[in-house]
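Novice: need a 3D model of the sequence below.
(chains A, B and C)
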Amino acid sequence: MPRNEGLMSWKDLAPGMYILEPGNSVKFRTGDWRSFRPVLDKEKCIKCGQCYILCPDGCYSEDEEGYFVPDLNYCKGCGICASICPKKAITMVLEEA
Amino acid sequence: MIEITVHGRGGQGAVTSAELMAVAAISEGKFAQAFPSFGPERRGAPVKAFARINDKPIRTREKIYKSDILVVLDPSLPKIIDIASGVKAGGVIILNTPLSEKEARKLLKGYQGRLALLDATKIAIEVLGLPITNTTMLGAFLRVTNLIDEEAMQEALKQRFGKLAEKNINALKRAIKEVKIYE
Amino acid sequence: MGKKVAKEVSIAVAEAVAQCNVDVISAYPITPQTHIVEHLSELVANGELDAEFVPVESEHAALSVCIGAAATGARVFTSTASQGLLLMYENLFIASNYRLPIVMVIANRSISGPISIWNDHSDVMTTRDAGWIQLFAENGQEAVDLIYQAYRIAEKCLLPVAVNLDGFTLTHVVEPIEFIDDELLKKYLPPLKMKYKLDPRNPITIGAIGIPEIYTESKKAQDEALKASYPVILRAWREFARLTGRKYNPVETYYMEDAEVALLIMGSLAETAMNAVDYLREKGKRVGLLRFRLWRPFPQREFIKAIGKVKALGVVDRAVSHCSTGGPVGIEVRSALYQSNKRPRVVNFIAGLSGRDVTVEDFVEMFERTYQALKEKPKAAYEIYGVKE
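Specialist: Numbers count the residues shown, from 1 in each chain, chains lettered A, B, ... in the order given. Alright, predicted model coming up:
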């Protein structure tokens, strides 16, 4: 077993390994897991918000015009938004190398 | 230390009477234990309940195999259980029965030791309106053994039965008068 | 000193729990624990106890409710036995790793099969590794006192505590009990204030995943927490003795000062065994008795000290660890001795399974057999005592 593989000393853990800092998943940028990126066609979009509701990572938010747009820092490219979009307004596009 | 077994049938209040003995004894500053025969409860089946009374703290968790005092709540039990084999030398059997001494001793397989007889079923029906004999037999127990004051037992009955205590106390009092003791 | 009152031990335990002002009770009824939770539900229904009684569909749910409630900072109680404890099993480990101060009474009962409702220690002995503080009561008074102490210990250590109480042999017995009065209890057991708890105003995460890079550290921290509970438990007992005069030790001894042969037993049968000691002492035999009141954390130092100069030690187990190197207690006792310089002969009896009576006579025989071990090494690592061949 490699030594010093532990993330931190057991002495520094909060009791019960609780995580005391709320909302720290923001630091964990899952966007770089992505191979396909969702692209929205505003012509077809009816602003129904289903992508916003169903995104498993909660990375969609509403912009000033009422469109829902993904935060690509966190979008893992799962494609659920494209799959459920009733107007086929979202297309999954291959990320460039 | 005095060890007591109460024989009854499930639902006749054997466990309650053993508990009342302990409650009354403890209220007098004595030490006592009361416990049922451990296991599932079955109405009508023969059951036993136990009590120990002592002047010193009781320090045993053994079951009781032979008793100084045996109280039999149900007149039919001696036919199916060998009651007399559970009494220590010098002990006493207190039996609910309408039988005479001679008949009772025959029923108890020729038991020659100390015996007390009371027709508790008759008293219970007349006083309580029910053939539940446990509190009546407690009266016989008080009179025969002199282990616990009548007052302490009355108090225990009041705590346990609330409004229904009065009738039970009347049955207890009648039993104290009517029980017959044969040495 | 308070007045002694006659109570069934189960009822007394329930009343002690109520005195501790619990916030949440969640339990599923199982013999021989039933009277405890039945009485608590009565107290809640009558308005005598201001607590939430959560009826659940299983013991798994009961402990889950307790975990959830304790995580929000509530004082909680549950109780179970036998199969119920096994149904809680996976949650036991979670409760301790999450450092939740849950108090549970285990009304010890054998495990099926064959199906049995009677008393032994086979249920609790399956949970030795669950990380709970484990206490064993000898009589009704101890059961009640251990409830008060369990809350204080659990809340000071942030660890769950199991109070073990022999099913039927203790739970169903009426005996004299002295409660401590509410004012005194307030001094002994201050209201629960948890530094970290689930609170929407101050969010934290409980139950994060233990990836390989952190699981080992989490387990080490938990182990150290249980170890650190030891002095806290001793302090809780010292303070209790100061307030009530009733003394509690991790290892209780009876005539051990000059004993050459001793028996070790846990739970209520130790009382019966004392009579065997008295009997043999009268005959001039130098025998003694040991009892673990504290089982986890294992009282290594006190145990080694308590065995004094015994040359042979009979360990009375109340559970089988099939084809192991002993009964559960026997295994640990031998292991504890191996870490010391003391080497008494150890004889391991497995007795009193499923409510089988163990009498004074039986204990006398076990003493005699332990004496024999001085001359001749026992042939087997353990034996099932009193079995009909």
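Novice: residue 7: neighbouring residues, count only.
Specialist: Answering for chain A, as no chain was given. For A:Leu7, the neighbour count with other CB atoms under 10 Å in any protein chain shown is 13. From N, CA and C alone the C-beta is placed, and that goes for glycine too.
Novice: that's the wrong chain, I wanted chain C
Specialist: Neighbours of C:Lys7 (other CB under 10 Å): 23.
Novice: next up, the contacts around it.
Specialist: Shown in contact with C:Lys7 (CB atoms under 8 Å, 6 or more residues apart in numbering or on different chains): C:15, C:140, C:174-175, C:177.
Novice: do that again at 6 Å, thanks
Specialist: C:Ile177 (CB atoms under 6 Å, 6 or more residues apart in numbering or on different chains).
Novice: going by secondary structure, it is in what exactly?
Specialist: Per DSSP states H and E: C:Lys7 is located in strand C:4-8.
Novice: by how many degrees do the very next helix or strand once past that strand and strand C:4-8 diverge?
Specialist: Using DSSP H and E, the next helix or strand after strand C:4-8 towards the C-terminus is helix C:9-19. Between helix C:9-19 and strand C:4-8, the angle comes out at 110 degrees (axes from the mean of the first three to the mean of the last three CA atoms, to 10 degrees).
Novice: show me what stretch C:21-37 is in contact with.
Specialist: Stretch C:21-37 is contacted by residues C:10, C:13-14, C:40, C:51-54, C:56, C:58-59, C:62, C:65-66, C:69, C:74-81, C:84, C:107, C:109, C:117, C:167-168, C:171 when judged by CB under 6 Å, 6+ apart.
Novice: how close does C:Gln149 get to C:Gly167?
Specialist: C:Gln149 sits 21 Å away from C:Gly167, going by CB to CB, to the nearest Å.
Novice: give me the more crowded residue out of those two.
Specialist: The neighbour comparison of C:Gln149 against C:Gly167 (other CB under 10 Å) goes to C:Gly167, with 29 against 23.
Novice: dead centre of chain B: give me the residue that sits there.
Specialist: Residue closest to the mean C-alpha point of chain B, counted by CA atoms, centre = their mean, is B:Val71 at 3.7 Å.
Novice: so it bridges to which residues?
Specialist: B:Val6, B:Ile94 (DSSP bridges).
Novice: okay, it: pLDDT?
Specialist: Looking at B:Val71, its pLDDT stands at 98.
Novice: just checking: what are the partner strands of the strand holding C:Lys7?
Specialist: Here, using DSSP bridges, strand C:4-8 pairs with strand C:174-178 (antiparallel).
Novice: excluding its backbone neighbours, what's nearest B:Phe50?
Specialist: Counting by CB to CB, 6 or more residues apart in numbering or on different chains, B:Phe50 lies nearest to B:Ile64, which is 4.6 Å off, once chain neighbours are set aside.
Novice: tell me how far that neighbour lies from B:Gln33.
Specialist: 10 Å.
Novice: quick check: residues of chain C near chain B?
Specialist: C:6, C:168-169, C:172-176, C:268-269, C:271-272, C:274-275, C:355, C:357, C:359 (CB under 6 Å from any CB of the partner chain).
Novice: report the buried members of the residues you listed.
Specialist: C:6, C:168-169, C:172-176, C:268-269, C:271-272, C:274-275, C:355, C:359 (16 or more other CB atoms under 10 Å in any protein chain shown).
Novice: quick check, nearest of the residues you listed to C:Ala262?
Specialist: Closest to C:Ala262 out of these is C:Met274 (12.1 Å), distances taken as CB to CB.
Novice: which SSE is the closest one in?
Specialist: Per DSSP H and E: C:Met274 is located in helix C:269-282.
Novice: so what secondary structure elements neighbour that helix?
Specialist: strand C:287-292, helix C:360-375 (3 or more CB pairs under 6 Å, 6 or more residues apart in numbering or on different chains; DSSP states H and E).
Novice: I'd like the ones you listed as a markdown table, with mean pLDDT appended.
Specialist: Shown next, in a markdown table, are those (pLDDT from 0 to 100):
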| stretch | mean pLDDT |
| --- | --- |
| strand C:287-292 | 98 |
| helix C:360-375 | 97 |
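Novice: run a quick neighbour tally on the residue in chain B positioned nearest to chain A.
Specialist: At 38.7 Å from chain A, B:Arg61 is the closest residue in chain B, using CB to the nearest CB. By the measure other CB under 10 Å, the count of residues near B:Arg61 is 27.
Novice: now for B:Gly86: which residues touch it?
Specialist: Residues near B:Gly86 by CB under 6 Å, 6+ apart: B:5, B:66-67, B:70.
Novice: now the buried members of these.
Specialist: Neighbour-count burial (16+ other CB under 10 Å) is assigned, among those, to B:5, B:67, B:70.
Novice: test my guess that C:Ala276 contacts C:Val360.
Specialist: Yes - applying CB atoms under 6 Å as the test, C:Ala276 and C:Val360 come out as touching, 5.0 Å apart.
Novice: tell me where chain A has strands.
Specialist: A:36-40, A:60-62, A:68-70, A:90-94 (DSSP state E).
Novice: please identify the deepest-packed of these.
Specialist: Sort the strands of chain A by mean neighbour count, taking mean count of other CB atoms under 10 Å in any protein chain shown, and strand A:68-70 sits at the top with a mean of 20.
Novice: who's in contact with it?
Specialist: Here strand A:68-70 has contacts from A:38, A:49, A:51-52, A:59-60, A:62-63, using CB under 6 Å, 6+ apart.
Novice: rewinding a little: now the buried ones among the contacts of B:Gly86 in TSV, with distance to chain A?
Specialist: Below are those laid out as TSV (distance: CB to the nearest CB, whole Å):
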residue	distance to chain A
B:Thr5	52
B:Ser67	54
B:Leu70	57
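Novice: where does the chain have low pLDDT?
Specialist: Chain wasn't specified; assuming chain A. A:1-3 (pLDDT under 70).
Novice: not quite, go with chain C.
Specialist: C:1-2.
Novice: isn't there a strand covering C:Val105?
Specialist: Yes - counting by DSSP: H, G, I helix; E, B strand; the rest coil, C:Val105 is part of a strand.
Novice: tally of neighbours for the closest residue to A:Asp41 other than its chain neighbours?
Specialist: Closest residue to A:Asp41 apart from its sequence neighbours, by CB to CB, 6+ apart: A:Ala89 at 4.8 Å. Counted by other CB under 10 Å, the residues lying close to A:Ala89 total 21.
Novice: number of nearby residues for C:Val44?
Specialist: 17.
Novice: sorry, slip of the keys, the one I care about is C:Thr216.
Specialist: C:Thr216: 15 surrounding residues under other CB under 10 Å.
Novice: now it: which helix or strand?
Specialist: According to DSSP H and E, C:Thr216 maps onto helix C:212-244.
Novice: check which element follows that helix along the chain.
Specialist: Next helix or strand after helix C:212-244 toward the C-terminus (DSSP H and E): strand C:251-254.
Novice: partners of that next one, with directions?
Specialist: By DSSP bridges, strand C:251-254 pairs with strand C:287-292 (antiparallel).
Novice: relative orientation of the strand it pairs with and helix C:269-282 in degrees?
Specialist: Strand C:287-292 and helix C:269-282 are oriented at 160 degrees to each other (the same axes, to 10 degrees).
Novice: which of B:Ile64 and B:Gln33 has more residues huddled nearby?
Specialist: B:Gln33 (27 against 19).
Novice: quick one: that one and C:Glu175 touch, right?
Specialist: Yes - B:Gln33 lies in contact with C:Glu175 (CB under 6 Å); the separation is 5.1 Å.
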